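Colleague: The following block contains a protein sequence and its predicted model.
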Amino acid sequence: TVQTYRGFEKQIARNVALATPGMTGEETAAVNERFTTAARYYGATTPLTAEQVGKAQEYAIIAGWDADKILGQSFKNGDVNPVLGAEGALKPIIQASIASGEDLAMVSDIVTDSMTAMGYGADKAEHFVDVLMKTTVSANINFQQLGLAMKYAAPLAHTAGYEIEDVAVALGLMANNGIKADQAGAGMRGILNRFINEPKKAAEAFDALGVSMEKSNGEIKGFMPLMMEVRSKLRSGDNQVSAESMMNFIEKSTGEAIENRDEIKAALEKIQSEGGLSKKEMMQLGSSMSGQYALSAFMAIINSSDEDIQKLMEKVYHAQSTTQEMFDKMKETLDFDIESFKSAFADLQIEIMTGNGGQGLRSFFQELTEDVNYFKNSLKDGFDLGDIGGVVARVVTQLKNKFLEFDGVGSILAGGALFMGLKKIFNLTMQLKNAATTMKDWYRGAATSALPTGSGKGGAISQSVGSMVIHANSVVVNGNSLLIIFLYTQIYFFLKTSKK
């Protein structure tokens, strides 16, 4: 219970710290309440814990989103349930995590980073997530691989004016041809880099191929419509170009020299004559294109059939409600019910610790810290045996006071702490008594009054302590190990019993 509450409280505190610089105390409290309530709501009603939801909030905050963007108009003014249709960006991110089976923090990081890089606001989160989810179920790529690809491709795609659908379809086609994750992202970045930084040279390359980068109204064409026109030039027809011409186009449009021209030419000619390369041939070609990222991306797209491209475009361009539908299907499983029960139980633990329970344990541990520092300072100048009882009495008194201070659940927690504290003190006493008996037996057989420094039981004790000064019924110890805490009482019992 304490660990569950501790992790959750720490996560929400971090979120509030990140989200509220410059805010007043009242504004900060309101943000804290919204983040706390939202995390606990989703933690109690889904397989995800409140702490995991809090971590997803953190990534959204780091991306520059405030509470309204993350939570919409929900969880305001004490509302403990979301406002239907105004849940903010957090809901589709949570649903995507559950539907995909991917870690929530990772999904949140991918979505928020990609949306920011593509220039999408938080209000477009549901649409953006739907496109990503539809791509993962329609192409040979998972959410993490798609996220890695977006990391490279998204910034330049936004600069070039392309939409998420264009980017997702292109990355999906690359994945179907064995080009995935950061390799696919770097390939698309290589293609787009020339478009942006040297648009004149890129336009000249397209013109030479007989393809315009702009629509008749002057607007830039979508990335996939543009790539499909390029592909058509390699296929049969009146305007078909040679494999050599296509290689020249690729080099000029990307600024990347083709190193293995013979292999690429043979591949392009086979695409022309047979309609495409097999997956095995594409994989073999991919290994020979290592490091030539833009070329790899072009070849993957060009090798895709018209049917494959049209099918993927149809799905991705009509991705609305994909995430919700997948989430609803996952809800109808035993695993969802079991994991939701676990999360609900974790939220119950948080509820138990909310209020006096958590605050009381905080003050108790603060007081224990003072006790440790008191004990440490006592060691610096020599620790007298009479101080042991004082330290133990302080700890027991604090445990007792916490038990009496709380009511309800707080009493149970403090009572448990009191019981465990007394149990530890009892166990310590028994350990000291046993050690004292051992020390007494050694003393009666010792040849000298000095503690030995060799091997054996006595030697081990001497090495642990470091140095001792013994005077009748009082003991002063300065040592190099915390094991001296046990030795004080050992020596006391030994001195008392050895006189008899």
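Modeller: The structure has been received and is ready for your questions.
Colleague: Please make it C-alpha for all contacts and neighbour counts, starting now.
Modeller: Fine.
Colleague: Would you verify that residue 345 is located in a strand?
Modeller: No: counting by DSSP: H, G, I helix; E, B strand; the rest coil, residue 345 falls outside a strand, being helix.
Colleague: ok, the closest residue to it other than its chain neighbours - contacts?
Modeller: Excluding the flanking residues, the one nearest residue 345 by C-alpha to C-alpha, 6 or more residues apart in numbering is residue 44, at 7.8 Å. Each residue near residue 44 by C-alpha atoms under 8 Å, 6 or more residues apart in numbering is listed here: 50, 340, 341, 343, 344, 345, 346, 347.
Colleague: and of those, the nearest to residue 85?
Modeller: residue 50 (21.6 Å; C-alpha to C-alpha).
Colleague: element containing the closest residue to the closest one other than its chain neighbours?
Modeller: Nearest residue to residue 50 in three dimensions, chain neighbours excluded: residue 43, at 4.1 Å (C-alpha to C-alpha, 6+ apart). Counting by DSSP states H and E, the element that carries residue 43 is helix 25-45.
Colleague: Most neighbours out of the contacts of residue 44, which is it?
Modeller: Most neighbours among the contacts of residue 44, by other C-alpha atoms under 10 Å: residue 50, with 32 neighbours.
Colleague: which ones are touching that one?
Modeller: Per C-alpha under 8 Å, 6+ apart, neighbours of residue 50: 8, 39, 40, 41, 42, 43, 44, 343, 346, 347.
Colleague: what bits of the stretch 1-150 of the chain have low per-residue confidence?
Modeller: The stretch 1-150 of the chain contains residues with pLDDT under 70 at 1.
Colleague: For it, just list every one of the helices.
Modeller: Taking DSSP state H, counting those that start in this stretch as the criterion, the stretch 1-150 of the chain carries its helices at 2-19, 25-45, 50-62, 67-71, 90-100, 104-118, 125-138, 143-160.
Colleague: Quickly compare those helices and say which is most buried.
Modeller: Comparing those by mean neighbour count (mean count of other C-alpha atoms under 10 Å), helix 50-62 comes out on top with a mean of 25.
Colleague: helices and strands around the helix or strand encompassing residue 301, which ones?
Modeller: Using DSSP H and E, residue 301 sits in helix 293-303. Contacts defined by 3 or more C-alpha pairs under 8 Å, 6 or more residues apart in numbering; DSSP states H and E place helix 293-303 against helix 164-176, helix 181-197, helix 223-234, helix 243-254.
Colleague: make it 6 Å
Modeller: Here helix 293-303 touches helix 181-197, going by 3 or more C-alpha pairs under 6 Å, 6 or more residues apart in numbering; DSSP states H and E.
Colleague: what about the helix it packs on, average pLDDT?
Modeller: Averaged across helix 181-197, pLDDT comes to 86.
Colleague: so what does the helix or strand following it touch, helix or strand wise?
Modeller: Following helix 181-197 in sequence order, the next helix or strand is helix 199-209 (DSSP H and E). With contacts taken as 3+ C-alpha pairs under 6 Å, 6+ apart, helix 199-209 sits against helix 243-254.
Colleague: The helices of the stretch 1-150 of the chain: which one's closest to residue 201?
Modeller: Comparison of the helices of the stretch 1-150 of the chain against residue 201 by C-alpha to C-alpha identifies helix 143-160 as nearest, at 15.1 Å.
Colleague: related to what we said a few turns ago, closest one to residue 179 among the helices of the stretch 1-150 of the chain?
Modeller: helix 143-160 (9.9 Å).
Colleague: for that closest one, packing partners?
Modeller: Using 3+ C-alpha pairs under 6 Å, 6+ apart, helix 143-160 sits against helix 104-118, helix 181-197.
Colleague: will you turn the ones you listed into TSV that also has distance to residue 322?
Modeller: Converted to TSV, the helices and strands packed on helix 143-160 look like this (distance: least, C-alpha to C-alpha, whole Å):
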stretch	distance to residue 322
helix 104-118	15
helix 181-197	22
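Colleague: closest one to residue 91 among the ones you listed?
Modeller: helix 104-118 (10.5 Å).
Colleague: okay, the angle between that closest one and helix 125-138?
Modeller: Interaxial angle of helix 104-118 relative to helix 125-138 (axes from the mean of the first three to the mean of the last three C-alpha atoms, to 10 degrees): 110 degrees.
Colleague: Show me what helix 104-118 is packed up against.
Modeller: Under the contact rule (3+ C-alpha pairs under 6 Å, 6+ apart), helix 104-118 is packed against helix 50-62, helix 143-160.
Colleague: how many other residues sit next to the nearest residue to residue 221 once chain neighbours are set aside?
Modeller: Among residues not flanking residue 221 along the chain, residue 214 sits closest, at 5.2 Å (C-alpha to C-alpha, 6+ apart). By other C-alpha under 10 Å, 13 other residues sit near residue 214.
Colleague: With residue 20 instead?
Modeller: Neighbour tally, residue 20, other C-alpha under 10 Å: 17.
Colleague: how about stretch 240-257 as CSV, C-alpha atoms only?
Modeller: Only the C-alpha atoms of stretch 240-257 are listed here, as CSV (Å, rounded to 0.1, in the frame of the first residue of the first chain):
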residue,chain,number,x,y,z
GLN,A,240,7.8,4.5,-69.6
VAL,A,241,11.3,5.5,-68.8
SER,A,242,14.4,3.3,-68.7
ALA,A,243,16.0,1.9,-65.6
GLU,A,244,19.0,4.1,-66.2
SER,A,245,16.8,7.2,-66.4
MET,A,246,15.1,6.2,-63.1
MET,A,247,18.5,5.8,-61.4
ASN,A,248,19.5,9.3,-62.6
PHE,A,249,16.2,10.7,-61.3
ILE,A,250,16.8,9.1,-57.9
GLU,A,251,20.3,10.5,-57.6
LYS,A,252,19.2,14.0,-58.7
SER,A,253,16.1,14.1,-56.6
THR,A,254,17.8,13.0,-53.4
GLY,A,255,21.4,14.1,-53.9
GLU,A,256,22.5,10.6,-53.0
ALA,A,257,24.8,8.8,-55.3
